[in-house]
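[1] here are the coordinates; sequence isn't available:
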């Protein structure tokens, strides 16, 4: 069971940083815990800007891509942007559309239907006429790296393809005009953490520069690429790639562009998400905006999200934002039903408690939401999870993993049981025939067990420092805010406090626990409001924490903000180990 581990890295360096930066000792500890070990590194971290971005021409095939696109632009060729149906793909597609529009070039776009067409560019898109026959050039967005047959079909029809993608490629690449993917083995750019929208943005950066050198902008205005960073930030944060290096720079710039409110679609999305006028942060993007942009691609069609992001009027944007809100409620309903069914199966299957993984399938499950449910089950049971929507001839599955287990590597060990698979270390998809499911379950669990991290600290919640409540002040929080945006690779600070008493608690929103926590110092004490998200209604409320593991945050409302603590649930499951053996104890 993943507990928590107090990091204790180079205290002397933290003290030196605190003095050199004139910052709170806790902030210096946070920097060291994130690998920032010198004054120079800290300065680069705090002051990173667009000037610090890696050159887009460091990406393999970038020069080939921009030359081909330039020729298409000046020759009036028909260009189609082919995007993925998730938030990363939709933002990538919207950004490419906007760049060409501002350049005076008309393009068409196409996003496939998740259920009816499946993922990525396929030969059927040409055979069935979904891609216009007069197309000269296709640029993929957040997909295409596995579309070998489709690229071959395009070549036979005289259509060139440029791939922009970030997913891990197969041993051979499609025979496209250019394959821009920082994760291809021969790419030395060091940009492997980019999301799909990040790769597309780098293409736009390189294309603008190439067009400048060719005099393209002599009679028209160059697009200001900073204004595209709102889309880059949303796609990057939604795809949960590390918010470090180039991703952190792009996301930080993008959050400020969102705050500036230049895009009607995002303004409308914010209004209909119930978000106030507070500064945008990565959590708000991840939990309020991204789910609404993802919802159409999951349960209907992603074109609705794309239309919102490219809408030019407030009226149109508001109409589409309302539709997205309705679709998101539909998605949540479907998701809740599948989650309940999956939890019941785990509770009823005693043998599964001793497995290293969870694999479940059903003929009635909606394929579009399985990834979300799998992620929730991973957080609850702390094991890799695969959920499969099983059809009569083939099942489509979504896979999610835990830190320390590369699920793509595990799937490679089971490839004889699968039709196909692909994805990342933490998330993947697969196809399987019904007759192979039982043998796959055994093979996958065996491979997962062999891949278990030998050091439990790899899966433990990493605690940055032990603090007393008296040390948590608004000044400290204001200094911590300089480390934002938080996310994968740059987590929100996590602290530990001993001997904390619960002086009041109540359930809110049916499944969350709101508490008032106090730590005494002699006859005096300090108290904070706290919340335990997804606590559930069946557990007994705690009366005391020793220790309490939490992340401090701002609770904002009506233009004001107040410090609150967010309980780090994964580190505290042992409080209920005995009372919930059927559910929360692997």
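    Everything's here; your move. Owing to the predicted nature of the structure, the values given are computational and were not obtained by experimental measurement.
[2] so what's the closest residue to residue 324 other than its chain neighbours up against?
    Closest residue to residue 324 apart from its sequence neighbours, by Cβ to Cβ, 6 or more residues apart in numbering: residue 292 at 4.7 Å. C-beta: built from backbone N, CA, C; applies to glycine. By Cβ atoms under 8 Å, 6 or more residues apart in numbering, the contact set of residue 292 is 269, 272-273, 305, 321, 324-325, 327-328.
[3] what's the spacing between residue 292 and residue 298?
    Distance of residue 292 to residue 298, given as Cβ to Cβ, to the nearest Å: 11 Å.
[4] re earlier: just the contacts of residue 292: which are in strands?
    Among the contacts of residue 292, no member falls in strands (criterion: DSSP state E).
[5] ok, of these, which one's closest to residue 109?
    Taking Cβ to Cβ as the measure, residue 109 lies nearest residue 305 of these, at 12.0 Å.
[6] dump the residue contacts of that closest one.
    The neighbours of residue 305, taking Cβ under 8 Å, 6+ apart as the test, are 87, 90, 292-297, 324.
[7] Most neighbours among the residues you listed, which one?
    In terms of neighbours by other Cβ atoms under 10 Å, the contacts of residue 305 top out with residue 90 at 35 neighbours.
[8] Find the nearest non-adjacent residue to it, please.
    residue 305 is the one closest to residue 90 (Cβ to Cβ, 6+ apart), at 4.8 Å.
[9] how much space between the one you found and residue 101?
    Computed as Cβ to Cβ, the residue 305 to residue 101 distance reads 18 Å.
[10] can you pull out the helices in the stretch 301-450 of the chain?
    303-310, 314-348, 370-381, 407-412, 437-451 (DSSP state H, counting those that start in this stretch).
[11] can you put those helices in JSON lines and add mean pLDDT?
    Listed next are these as JSON lines, based on pLDDT from 0 to 100:
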{"stretch": "helix 303-310", "mean pLDDT": "98"}
{"stretch": "helix 314-348", "mean pLDDT": "96"}
{"stretch": "helix 370-381", "mean pLDDT": "92"}
{"stretch": "helix 407-412", "mean pLDDT": "94"}
{"stretch": "helix 437-451", "mean pLDDT": "94"}
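[12] now these as TSV including distance to residue 36?
    TSV is the format used below for the helices of the stretch 301-450 of the chain (distance: least, Cβ to Cβ, whole Å):
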stretch	distance to residue 36
helix 303-310	34
helix 314-348	37
helix 370-381	28
helix 407-412	29
helix 437-451	30
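[13] Looking at those helices, spot the one closest to residue 533.
    helix 370-381 (10.2 Å).
[14] Give me the buried positions along the closest one.
    For helix 370-381, burial by neighbour count (16 or more other Cβ atoms under 10 Å) applies to 370-378, 380-381.
[15] What of stretch 46-63?
    Neighbour counts over stretch 46-63 (16+ other Cβ under 10 Å) mark 48, 53-54, 56, 59-62 as buried.
[16] In those residues, find the pair that's most separated.
    Comparing every pair within the buried residues of stretch 46-63 by Cβ to Cβ identifies 48 and 61 as the most remote, at 26.6 Å.
[17] First-to-last residue distance for stretch 157-168?
    Stretch 157-168 has its terminal residues 27 Å apart, counting by Cα to Cα, to the nearest Å.
[18] what is the mean pLDDT for it?
    For stretch 157-168, the mean per-residue pLDDT is 96.
[19] where does the stretch 351-500 of the chain dip in pLDDT?
    For the stretch 351-500 of the chain, the stretches with pLDDT under 70 are 453-459.
[20] Tell me how far residue 336 lies from residue 301.
    22 Å.
[21] In terms of neighbours, single out the busier of these two.
    Ranked by neighbour count (other Cβ under 10 Å), residue 336 and residue 301 place residue 301 first, with 17 against 13.
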